[in-house]
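# missing the sequence, but the structure's below:
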């Protein structure tokens, strides 16, 4: 439609979603953000100027000053992370289940956990892109034969990227975000909206001060205790050094079996066998960020510690599980990776998400 007497038209192309009426505006007038369209089996993810690539999301505070076509971006619900329920219980954090004493991570600590959900797989490249509209991975091509590129784990993400992903995923799926942070514009205002957080600057004190929102049902990084409990099979009868087996080649991509065309690479998730809870890739493939700052375990062997979450401050966040480029010893369920500041980027680091299993209110 051509401009007539200083008028412009903003057209909403819903790409299979419910109809949204065009808006005719005076030149310089801002378009109103319409009610979000709906489509069965999909989440609406915003209005974009470009169809297909979806790189330029429209800012409704900006007057169009021209005829404009905006395209709806949809995220298939099948692209969201599959979760596994882990029944809570008590266990010994740091106890190598079949190792000698020198294989334990000392001091071994008795921890009690409530029920929680954890990702069946590490977050994949297609999942990360669906939520963040970018794929930072180093391994963005040449997957191993028969493997799907989008189902490789996302890599080269910072700890800060992981918590932003968790909140954005919660918002997209109608959950209450787990993290709140001081906004970039006003340190007196705390927000769960990542759009207000700005970007981290190196080892960023404001981002490091992120807090958990009490009672939130949203996605978050697992604590180190949750991660190890799930890797060991929870309260099941698993009694393995690695997550699901004593043979690393059955459950873990490591430096000895991840080679393709002479190069060690990440592999499609879920290609090896799961552990007793049906969780894949907790040993090997990519290291996984967890919530905790690194410090020695508190070492309570007799009296259990409820919901151990680690120290309140620190300089290094913990990673778990080993990776495609490490010896399989680092894929042991108890092995702790350290010396990783939250802003570090490595092609062997990804993450998986968790959620609390909150009791349902009585009718």
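Received, thanks. If you're wondering where the values come from, they're calculated on a predicted model, not measured in any experiment. Residues are numbered from 1 along each chain as shown.
# And the strands in the stretch 51-200 of the chain?
Secondary structure of the stretch 51-200 of the chain (DSSP state E, counting those that start in this stretch): strands at 68-76, 83-86, 89-93, 109-113, 116-119, 179-182, 190-191.
# can you tell me which of those strands the model trusts least?
Least confident of these, judged by mean pLDDT, is strand 68-76 with a mean of 86.
# Give me the buried positions along it.
Buried residues in strand 68-76, defined by neighbour count with 16 or more other Cβ atoms under 10 Å: 68, 70-75. All C-beta atoms are positioned from the backbone trio N, CA, C, and that covers glycine.
# Quick check: residue 120 vs residue 153, distance?
12 Å (Cβ to Cβ, to the nearest Å).
# ditto for residue 309
As judged by Cβ to Cβ, residue 309 and residue 153 stand 24 Å apart.
# quick revisit: between residue 120 and residue 153, which has more neighbouring residues?
residue 153 (31 against 18; other Cβ atoms under 10 Å).
# for the stretch 151-300 of the chain, which spans come out with low pLDDT?
The model of the stretch 151-300 of the chain has pLDDT under 70 over residues 237.
# Let me see the contact set for residue 138.
Residues near residue 138 by Cβ atoms under 8 Å, 6 or more residues apart in numbering: 155-156, 347.
# Now render those residues as JSON lines, adding neighbour count.
Shown next, in JSON lines, are the contacts of residue 138 (neighbours: other Cβ atoms under 10 Å):
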{"residue": "155", "neighbour count": "28"}
{"residue": "156", "neighbour count": "18"}
{"residue": "347", "neighbour count": "17"}
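# looking at it, residue 110 is touching residue 92, isn't it?
Yes. Residue 110 is in contact with residue 92 according to Cβ atoms under 8 Å; the separation is 5.9 Å.
# Secondary structure of residue 292: a helix, I assume?
No. Using DSSP: H, G, I helix; E, B strand; the rest coil, the secondary structure at residue 292 is strand, not a helix.
# Which residue, other than its chain neighbours, is closest to residue 46?
Nearest non-adjacent residue to residue 46, counting by Cβ to Cβ, 6 or more residues apart in numbering: residue 57, 5.1 Å away.
# Next, count neighbours for the one you found.
15.
# Tell me if I'm right that it and residue 48 touch.
Yes. Between residue 57 and residue 48 there is a contact under Cβ under 8 Å: 5.3 Å.
# May I have the phi/psi pair for residue 252?
In terms of degrees, to the nearest 10, the main-chain angles of residue 252 are phi -130, psi 130.
# Who's the closest spatial neighbour of residue 248, skipping the chain neighbours?
Nearest to residue 248 is residue 328, by Cβ to Cβ, 6+ apart, at 3.8 Å.
# In this structure that neighbour contacts residue 250, no?
No. The pair residue 328 / residue 250 is not scored as a contact, 10.9 Å apart, by Cβ under 8 Å.
# Between those two, point out the one with more neighbours.
Using other Cβ under 10 Å, the more surrounded residue of residue 328 and residue 250 is residue 328, with 21 against 13.
# most residues in a single helix of this structure, which one?
Longest helix of the chain, by residue count under DSSP state H: helix 159-172.
# what's that one packed up against?
helix 125-132, strand 179-182 (3 or more Cβ pairs under 8 Å, 6 or more residues apart in numbering; DSSP states H and E).
# For the last one, what is the distance to the chain centroid?
Distance, stretch centre to chain centre, for strand 179-182: 16 Å (Cα atoms, centre = their mean, to the nearest Å).
# Where does the prediction get shaky in the stretch 1-150 of the chain?
Along the stretch 1-150 of the chain, the parts satisfying pLDDT under 70 run over 1-5, 51-53, 55, 77-79, 99-103.
# re the thing from before, need the contacts of residue 138 in CSV (columns: distance to residue 245).
Converted to CSV, the contacts of residue 138 look like this (distance: Cβ to Cβ, whole Å):
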residue, distance to residue 245
155, 24
156, 28
347, 26
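# What is the nearest of the residues you listed to residue 186?
Distance ranking of the contacts of residue 138 against residue 186, using Cβ to Cβ, places residue 156 first at 31.3 Å.
# wait, what's in contact with that closest one?
Going by Cβ under 8 Å, 6+ apart, the list of residues near residue 156 reads 136-138, 345-347, 349.
# Can you mark which positions in the strand or helix carrying residue 8 are buried?
Per DSSP states H and E, residue 8 falls inside strand 7-13. The neighbour-count check on strand 7-13 (16+ other Cβ under 10 Å) flags 8-10, 12 as buried.
# got the angle between that strand and strand 68-76?
Strand 7-13 and strand 68-76 are oriented at 20 degrees to each other (axes from the mean of the first three to the mean of the last three Cα atoms, to 10 degrees).
# List of residues touching strand 7-13?
The contact list for strand 7-13 (Cβ under 8 Å, 6+ apart) reads 1, 20-27, 31, 34, 37, 47, 51, 64-72.
# Swap in 10 Å and give it another go.
By Cβ atoms under 10 Å, 6 or more residues apart in numbering, the residues outside strand 7-13 that reach it are 1-3, 19-32, 34, 37, 47-48, 51, 58, 60, 63-72.
# For it, which strands pair with it and how are they oriented?
Paired neighbours of strand 7-13 in the sheet (DSSP bridges): strand 23-26 (antiparallel), strand 68-76 (parallel).
# out of these, nearest to residue 179?
Short answer: strand 68-76, nearest of those by Cβ to Cβ, at 20.6 Å.
# Can you show me the helices along the stretch 101-250 of the chain?
Here the stretch 101-250 of the chain has its helices, by DSSP state H, counting those that start in this stretch, at 125-132, 159-172, 205-208, 224-231, 248-251.
# Surely residue 115 and residue 84 touch.
No. The pair residue 115 / residue 84 is not scored as a contact, 11.3 Å apart, by Cβ atoms under 10 Å.
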